[in-house]
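J.: Fold the following and give me the result.
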Amino acid sequence: MLDKQSYREAMANLGAAVNVITGRGADGRVGCTVSAVCSVTDEPPTLLVCINRSSQNNAAFKEAGALCVNVLSAEQRAIAERFATRHISADERFGLAEWDVLATGAPALRDALASLDCEIMSAMEVGTHTVFSCAVKAVRTGASGDGLMYFGRGYHRLNGSTSASA
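T.: Numbering: from 1, shown residues only. Prediction:
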């Protein structure tokens, strides 16, 4: 049987974009930092978002039926770190940036590389996480910039410029 630590070591080598997932629960705004986001299809626009079941945000997203995936730039690392910190208030989490709303009422980061505002279509429990299937209802793309990636248990800048091969 595969041991948990071997699996974690392998997954540390799978780089992923850093996102802040936000919503509006019964007690107000909620959010967390997540790298487990995946596009499923563009017809209709659909995402998968995985959130730990032990997260207080998990229940709030289920209750609200909506969430917003905010794709962070390299300059927004402090936001990622703040939303990854446990046991701080919503005011502390949301205080580092400006927020508004798109279609669902979930908070959208004004200067994210992209904000994908979603209605949750279903939630499936898999091990320690909930896999949310999300219908994208609105999209806003921001200014271009370098992406924020998580790889090897740390944050890294992904250069946004492209170069043509000779």
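
J.: how far away is the nearest residue to residue 110 once chain neighbours are set aside from residue 24?
T.: Distances taken as C-beta to C-beta, 6 or more residues apart in numbering place residue 98 nearest to residue 110, at 4.4 Å, with adjacent residues excluded. Just so you know, the C-beta spots here come from the backbone N, C-alpha and C atoms, and that holds for glycine as well. To residue 24, residue 98 is 16 Å away according to C-beta to C-beta, to the nearest Å.

J.: Give me the more crowded residue out of those two.
T.: More neighbours sit around residue 24 than around the other of residue 98 and residue 24, counting by other C-beta atoms under 10 Å; the figures are 21 against 9.

J.: Quick check: pLDDT value at the residue nearest to residue 110.
T.: Here, the pLDDT recorded for residue 98 equals 97.

J.: Was I right to think it contacts residue 112?
T.: No: counting by C-beta atoms under 8 Å, residue 98 sits too far from residue 112 to count as a contact (10.5 Å).

J.: Now the common contact residues for the two.
T.: Between them, residue 98 and residue 112 have no joint contacts when contacts are counted by C-beta atoms under 8 Å, 6 or more residues apart in numbering.

J.: what residues are up against residue 117?
T.: The neighbours of residue 117, taking C-beta under 8 Å, 6+ apart as the test, are 66, 68, 101-104, 106, 108, 136-140.
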